[in-house]
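Enquirer: Here's a sequence, model it:
(one chain, ligands or ions: 1)
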Amino acid sequence: MKRAGILLAPVLAGSLLFAGCSVKTTHKGVSAAAVAGGNGWKPSNPIKVKEGRKVVIKVGNSTKVTHGFSIDAFGVKKTVDPGKTISVKITPTAKGTYVVYCQLHPKHQKTELIVN
Ligand SMILES: [Cu+2]
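Expert: This next block holds a predicted model:
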């Protein structure tokens, strides 16, 4: 039965390597749009992601002016021109609820990034 142990070792090492390479990316989307009372994010529900998992957020803009897209905790501070889409890539390293806001318009309806 000693042989079985010897054969198993390389298999285990291989599966550990594979686990390290198969990092899943989560894709989310949000867009600056006209909402009741001004401009805001659509959909307005929070963006939910997993801690430690890479996420790509496509940020659109269906309004006529440039908007900002900021998440202070993860160093995100971008702008999106009208009709354009940008990709924001982050790997959230801490659980929590973070404010997602437009740094160009303080009154712009905010949304949240929930990491759990
Ligand atoms: Cu704005």
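Enquirer: where do the helices sit along this structure?
Expert: With DSSP state H as the criterion, the chain has helices at 2-21.
Enquirer: Name the spans of it whose pLDDT lies under the cut-off.
Expert: By pLDDT under 70, the low-scoring segments of the chain are 1-23.
Enquirer: so what does the top strand by length along it touch, helix or strand wise?
Expert: Across the chain, the longest stretch assigned as strand under DSSP state E is strand 25-35. Packing partners of strand 25-35 (3 or more CB pairs under 8 Å, 6 or more residues apart in numbering; DSSP states H and E): strand 38-42, strand 47-49, strand 54-61. C-beta here means a position set from N, CA and C on the backbone, and glycine is covered the same way.
Enquirer: Using TSV, lay out those strands together with mean neighbour count and distance to the ion.
Expert: Formatted as TSV, the helices and strands packed on strand 25-35 follow (neighbours: other CB atoms under 10 Å; distance: least, CB to the ion, whole Å):
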stretch	mean neighbour count	distance to the ion
strand 38-42	19	5
strand 47-49	17	17
strand 54-61	18	9
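Enquirer: Contact residues of the chain facing the ion?
Expert: His67, Cys102, Leu104, His105, His108 (CB under 5 Å from the ion).
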